[in-house]
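>>> Below are the sequence and a predicted model for it; my questions follow.
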Amino acid sequence: MKTNQITFKVAKVSDSSAKAFGIAVASEGALAKEVGMTRDQLTALGFEGKLGQTLVLPNSKKQLTIAVGIGEAAKADEDVMRTAAAALARAASNVSSLTTTLASAGRGDRTAIAQAVTEGLILATHRYNDLKTDKKATSKLISVLIVAPAAMSTAITKGVKRGETIAEAVCFARDLANMPPAHLTAKMIADRALKVGAESDIAVEVFNKDQLLAMGCGGMIGVNRGSVNPPRMVKISYQPGGLKTAAKLSAKKSSAKSKTKLPHLILVGKGVMYDSGGISLKPSNSDHAMMKADMSGAAAVLATMSTLKKLGCKNQVTAYMMCTDNLPSGSAMAMGDVLTMRNGKTVEIHNTDAEGRLVLADGLSLAAELKPDAIVDIATLTGACLRALGPQMSGVLGNNQPFVDQVVAAAKSTDEQTWQLPLERKYRSLIDSYIADMKNVGGPDAGAITAALFLDEFTSGTPWAHLDIAGPMWSDSDAGWLQRGATAYGTRLLISLAENFKTP
């Protein structure tokens with residue numbers, strides 16, 4: 001699963017190898033001693049220490065010193081340092097090795113700062129180039145030496161390791177979401193999940209079309225009807241301690257020792273591998289070309305699950321990836337069709353391009369049957385959410401405010417912005433159907449809310465939150481720690497949520 005090209009090492013300041021390459025950190029109010037220039041001299045060169053600003057300075061040893069702005073030093077938290085590290089990575093893209101003191105700068109928990117710096121360096125240099133004839137990476141940077149004062153070295157080493165694990169997962173999710181449809185079908189991503197399971201000590205089960213039919217997953221089967229590629233549902237189970245511990249606990253279910261219940265969180269990811277809109281065909285434009293990334297929710301879920309053992313997550317986490325294409329054909333789902341979902345509710349189809357909620361409905365139904373403490377789904381679901389909140393943040397809605405608060409807190413901690421929208425029950429009538437239990441769309445207004453109200457019908461009252469990532473799933477340009485293309489938004493958010501989850 002290795003997609004990151006950079007190797008990291010942490011060295012104490014006394015380590016002579018730390019002198020291999022110079023890096024200075026500057027702020028608007030102070031300047032690190034390594035720069036070797038006065039503030040007036042730097043200002044004359046146009047460097048003011050603003051966040052993300054860089055200045056490359058050759059030195060007498062045919063090496064470079066890069067000054068990196070972190071803004072006001074007192075406000076340089078993890079988000080700031082992640083952005084500064086990304087700027088540094090781009091400024092150093094033409095060198096193969098880099099020595100930096102950046103993890104020693106900033107304010108706050110030193111492990112968290114080092115993690116953020118590591119993430120910024122990796123995420124800003126990652127690029128999906130598997131299909132390029134020129135296989136050279138955009139960045140030549142392959143080695144980073146993190147220089148740390150002795151008193152900080154243990155905390156910084158821990159942060160660097162966490163940052164590598166988490167950023168690697170984000171790169172993996174980005175690669176999946178950037179792959180063309182023919183390179184990643186539902187079966188192919190299920191096969192990837194099996195490989196990830198073997199590497200990450202997590203249990204992975206794959207359910208094929210016949211099994212989904214037998215299970216009554218009408219949403220999955222209905223959406224898949226127009227495709228020649230069969231659907232796959234992937235269930236992933238993580239237990240603290242790994243598969244052996246899970247087996248022992250399963251064997252002791254009747255034992256008094258097994259009565260201590262771990263908090264149990266379930267993740268459900270939309271995995272529409274390519275979304276043409278079905279019979280409700282999308283326009284042929286650049287947005288349509290992005291629909292290979294309509295499985296970004298499932299990619300984020302798989303990447304998240306791959307990290308939990310390595311990060312030592314203490315909660316029980318289960319995941320469902322609901323994977324299929326949505327294509328037009330003679331057998332495709334049509335407007336007016338009625339589907340019977342896993343939980344028995346019937347849905348009249350008024351727009352075949354509102355397919356994500358149909359596959360999520362089956363996933364949520366299965367999740368609710370396990371009676372977890374909470375469920376979160378993640379999906380590139382509605383253009384309405386993109387129009388409301390723009391491309392920088394997701395919308396979050398839910399039926400349990402304490403759990404929604406946990407999701408919002410996780411987003412804040414990872415600099416993956418989200419904004420809570422109301423789950424307004426008065427709008428439920430907008431998805432009423434006169435021949436079925438409900439319609440799959442609610443009309444032209446409040447589309448993000450009516451989509452969430454639809455999903456809530458399948459939670460059985462379990463504490464639940466819904467992340468609509470239609471906006472931040474894609475970036476049109478390199479910006480901060482984002483690279484052009486699929487962003488893997490939600491991966492770091494879900495990791496934080498899984499690690500810090502408390503029963504609401």
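Perfect, I can see it now.

>>> Quick check: the nearest residue to residue 464 once chain neighbours are set aside vs residue 504, distance?
Take residue 464 and drop its neighbours on the chain: the residue closest to it by CB to CB, 6 or more residues apart in numbering is residue 375, 4.6 Å away. In this view, the C-beta of every residue, glycine as well, is placed from N, C-alpha and C. With distances taken as CB to CB, to the nearest Å, residue 375 is found 11 Å from residue 504.

>>> out of the two, which sits in the more crowded spot?
Set residue 375 next to residue 504 and count neighbours by other CB atoms under 10 Å: residue 375 wins out with 30 against 17.

>>> what's next to the helix or strand hosting that one, contact-wise?
Assigned by DSSP states H and E, residue 375 belongs to strand 374-379. For strand 374-379, the surrounding residues in contact (CB atoms under 8 Å, 6 or more residues apart in numbering) are 265-270, 297, 300-301, 356-357, 360, 363-364, 367-368, 400, 403, 406-407, 455, 459, 462-469, 490, 494, 497, 501, 503-504.

>>> and whichever helix or strand comes after that strand, what other elements does it pack with?
Using DSSP H and E, the helix or strand that follows strand 374-379 in sequence is helix 383-389. Helix 383-389 sits against strand 394-398, helix 447-456, with contacts defined as 3 or more CB pairs under 8 Å, 6 or more residues apart in numbering; DSSP states H and E.

>>> one step back: can you show me the CA trace of the strand holding residue 375 as PDB?
Output of strand 374-379 as PDB, limited to C-alpha atoms (Å, rounded to 0.1, in the frame of the first residue of the first chain):
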ATOM      1  CA  ALA A 374     -23.100   5.200  16.600                       C
ATOM      2  CA  ILE A 375     -23.000   5.200  12.800                       C
ATOM      3  CA  VAL A 376     -21.400   7.700  10.500                       C
ATOM      4  CA  ASP A 377     -21.700   7.600   6.800                       C
ATOM      5  CA  ILE A 378     -19.600   9.500   4.300                       C
ATOM      6  CA  ALA A 379     -20.600  10.200   0.700                       C
END
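
>>> can you pull out the strands in the stretch 1-150 of the chain?
7-12, 22-26, 54-58, 64-69, 97-100, 143-148 (DSSP state E, counting those that start in this stretch).

>>> Next step: the contacts of strand 374-379 restricted to helices.
297, 300-301, 356-357, 360, 363-364, 367-368, 403, 406-407, 455, 494, 497 (DSSP state H).

>>> picking up where we left off before, reformat the strands of the stretch 1-150 of the chain as TSV; add mean neighbour count.
Formatted as TSV, the strands of the stretch 1-150 of the chain follow (neighbours: other CB atoms under 10 Å):
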stretch	mean neighbour count
strand 7-12	16
strand 22-26	24
strand 54-58	15
strand 64-69	22
strand 97-100	21
strand 143-148	24
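
>>> and these, which one is worst for confidence?
Note on those: lowest mean pLDDT is at strand 22-26, with a mean of 46.

>>> Where does pLDDT dip in the protein?
1-3, 13-38, 59-62, 135-137, 248-259 (pLDDT under 70).

>>> one step back: now the residue nearest to residue 464: how far from residue 72?
40 Å.
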